[in-house]
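Novice: quick one: sequence plus predicted model below, questions after.
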Amino acid sequence: MKITILVDNNAASSRLAAEHGLAFWIETGGRKILFDTGQGGCLPGNARRLGVALQDADWIVLSHGHFDHTGALAYALDQATRARLYCHPAVVLPRFACRGADATSIGMPPESKRALDALPLDRIKWTFEPVWPAEGIGLSGYIPRRTDFEDTGGPFYLNPEGTHADAIEDDLAVWFETPGGLVVCVGCCHAGLVNTLMRVRQLSGRSKIRAVVGGFHLMGADRRRIGLTIDNLREMGVDTICPCHCTGEAAVAALKASLAQRVIPGRAGMTLQF
């Protein structure tokens, strides 16, 4: 199994572009999967420079409907003409970040929505419930919020007035079974990293997590949340932790200080093999 980080906030090389966003190229069991698409500016060039042929994608998976994960969806669908799209129905909802009187639209861009609307019905699978697209590969669907220390990680709302909170119910994860345990890919973990890993363990029936890769959305988290997240990762015995995108520098530093060599910060251009 091989995961190539195509888009991230940071790049491993000056020849690669970086942006506030996330996209992975996953190769496993003869299948090729594009997980998220970033904002849109980096995916085409980074994929080309890294030798990734997006037209070979079997599946495209959207972790949730924010712009920094769906911005290049139209481009990806145009390239991957045979790929099947997996996502939660709520990915198309209007989304806003509201801070005081300021409201910023952060939902799926219009071009991406048009591309999704134009997709033939047999090429899209709505995933409110858990789905197993192939043997040893699962999509979480909705992730129940069970912990008392995790939240969506920001001032997220469904209207610009900031009166209807957005629980980001479309947040999902994908996992892969390997002989050494589960490899879990996450977009932003708006459901909470611990909630996500607990759900994956429950659905897969396997307790061993070999790796978790993606955005943990701890950039605005307080010390209590970061500490309890670290405690749970240690208790779960996660072998490899690859924080990307929205994890935040303070949280990455705390993870490395507590879990040492288990933590490998992600960068565009990085490849992880299992």
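Specialist: Received it, and whenever you're ready, just let me know what you need.
Novice: list the helices and strands the strand or helix carrying residue 197 packs on?
Specialist: When elements are assigned from DSSP states H and E, residue 197 belongs to helix 193-204. Under the contact definition 3 or more Cβ pairs under 8 Å, 6 or more residues apart in numbering; DSSP states H and E, helix 193-204 sits against strand 137-139, strand 173-178, strand 181-186, strand 209-215, helix 223-236. Backbone N, C-alpha and C define where each C-beta goes, glycine included.
Novice: and the residue nearest to residue 230 when sequence neighbours are not counted, backbone torsions?
Specialist: Closest residue to residue 230 apart from its sequence neighbours, by Cβ to Cβ, 6 or more residues apart in numbering: residue 258 at 4.8 Å. Residue 258 adopts backbone torsions of phi -90, psi -30, taken as degrees, to the nearest 10.
Novice: please report the distance of residue 258 from residue 225.
Specialist: 14 Å (Cβ to Cβ, to the nearest Å).
Novice: the more surrounded of these two?
Specialist: The residue with more neighbours, out of residue 258 and residue 225, is residue 225; 20 against 16, by other Cβ atoms under 10 Å.
Novice: distance of the closest residue to the more buried one other than its chain neighbours from residue 222?
Specialist: Spatially, and ignoring its direct neighbours in sequence, residue 225 is nearest to residue 149 (5.0 Å; Cβ to Cβ, 6+ apart). Distance of residue 149 to residue 222, given as Cβ to Cβ: 9 Å.
Novice: tell me which of the two has more neighbours.
Specialist: Ranked by neighbour count (other Cβ under 10 Å), residue 149 and residue 222 place residue 149 first, with 15 against 9.
Novice: right, and that one touches residue 224 too?
Specialist: Yes. Residue 149 sits in contact with residue 224 when judged by Cβ atoms under 8 Å, with a separation of 6.3 Å.
Novice: what distance separates the start and the end of stretch 132-139?
Specialist: This stretch, stretch 132-139, spans 6 Å end to end (Cα to Cα, to the nearest Å).
Novice: and it, how far from the chain's centre?
Specialist: When distances are taken as Cα atoms, centre = their mean, to the nearest Å, stretch 132-139 is centred 16 Å away from the chain's centroid.
Novice: likewise stretch 88-99?
Specialist: Here stretch 88-99 is found 15 Å from its chain centre; the criterion is Cα atoms, centre = their mean.
Novice: just to revisit the earlier point, list the contacts of the residue nearest to residue 225.
Specialist: 224-225, 228-229 (Cβ atoms under 8 Å, 6 or more residues apart in numbering).
Novice: which of those lies closest to residue 94?
Specialist: Among the contacts of residue 149, residue 225 lies closest to residue 94 (Cβ to Cβ), at 27.5 Å.
Novice: what's the burial count for residue 117?
Specialist: Residues near residue 117, counting by other Cβ under 10 Å, number 8.
Novice: now residue 231
Specialist: The burial count for residue 231: 12, using other Cβ under 10 Å.
Novice: for the spatially most central residue of the chain, which non-adjacent residue is closest in space?
Specialist: Nearest to the mean C-alpha position of the chain, by Cα atoms, centre = their mean, lies residue 187 at 1.2 Å. Leaving aside its sequence neighbours, residue 187 sits nearest to residue 63 (Cβ to Cβ, 6+ apart; 2.5 Å).
Novice: same deal with residue 95?
Specialist: residue 107 (3.6 Å).
Novice: what about that neighbour, which SS state?
Specialist: coil (DSSP: H, G, I helix; E, B strand; the rest coil).
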